[in-house]
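**Student:** compute the structure for the input listed below.
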Amino acid sequence: MGNPQGIQFGSIDEFLDQLPEEEIEIVLFLRKIILECMPDLKEKLAYNVPFYYRHSRICYIWPASVPWGKVTTGVAIGFCKGDNFLDETFATAKFASKLIFTSTKEIDVESLKQQIYEAVLIDDKIVKARRRRIQ
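**Tutor:** The predicted model follows:
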């Protein structure tokens with residue numbers, strides 16, 4: 001079976017090189033915030049976009065130029081366990097939530113950092129619960 005997306009990025013750098021100018025600034029800004037909040041993260045491509053992991057998937061950055069993600073404009077930062085958030089700012093689905101930005105000026109850095117820290121806490125709780133079940 002072939003790649004239904006028609007493209008496969010080999011690395012984060014290759015992904016970044018393919019972004020249009022209006023998205024690259026937002027992607028790099030969001031990436032910088034994520035890296036500051038989670039210095040112990042793992043960054044990997046999944047679905048041809050960067051996902052950020054600790055014990056499990058925490059968040060991702062999805063630009064509109066990667067069309068199979070249903071982001072039609074700008075760049076989304078999505079949280080994989082966003083349905084557990086107390087904050088109702090997000091467009092939510094069963095297991096994910098996202099915010100979409102069309103400019104770095106729209107990003108409330110402090111609020112976004114709080115949401116990332118909350119996602120890290122949720123990730124920690126999930127791994128602790130799994131460990132308790134195993135014991």
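
**Student:** by mean pLDDT, which helix or strand of this protein comes out lowest?
**Tutor:** Of all helical and strand segments in the chain, the minimum by mean pLDDT, DSSP states H and E falls on strand 91-92, at a mean of 44.

**Student:** direction included, what does the helix or strand following that one pair up with?
**Tutor:** For strand 91-92, the following helix or strand on the C-terminal side (DSSP states H and E) is strand 97-101. Each strand paired with strand 97-101, and its direction, by DSSP bridges: strand 75-79 (antiparallel), strand 91-92 (antiparallel).

**Student:** check what pLDDT the closest residue to K81 other than its chain neighbours gets.
**Tutor:** Distances taken as CB to CB, 6 or more residues apart in numbering put I122 closest to K81, at 5.0 Å, once the chain neighbours are dropped. The C-beta positions use only the backbone N, C-alpha and C, and glycine is treated the same way. Predicted confidence (pLDDT) for I122: 89.

**Student:** what about I122, distance to F9?
**Tutor:** Going from I122 to F9 by CB to CB, to the nearest Å gives 28 Å.

**Student:** ok so, going back, burial of the residue nearest to K81, as a residue count?
**Tutor:** Residue neighbour count, defined by other CB atoms under 10 Å, stands at 19 for I122.

**Student:** show me which residues of the top strand by length along the chain are buried.
**Tutor:** Secondary structure of the chain per DSSP state E: the longest strand is strand 57-63. Going by neighbour count (16 or more other CB atoms under 10 Å), the buried part of strand 57-63 is R57, I58, C59, Y60, I61, W62, P63.

**Student:** distance to C80 and pLDDT added to those residues, as CSV?
**Tutor:** Listed next are those as CSV, based on distance: CB to CB, whole Å; pLDDT from 0 to 100:
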residue, distance to C80, pLDDT
R57, 4, 92
I58, 6, 94
C59, 6, 95
Y60, 7, 96
I61, 12, 97
W62, 12, 96
P63, 17, 97
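
**Student:** want to throw those residues into JSON lines with distance to L35?
**Tutor:** Converted to JSON lines, the buried residues of strand 57-63 look like this (distance: CB to CB, whole Å):
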{"residue": "R57", "distance to L35": "16"}
{"residue": "I58", "distance to L35": "12"}
{"residue": "C59", "distance to L35": "12"}
{"residue": "Y60", "distance to L35": "14"}
{"residue": "I61", "distance to L35": "11"}
{"residue": "W62", "distance to L35": "17"}
{"residue": "P63", "distance to L35": "17"}
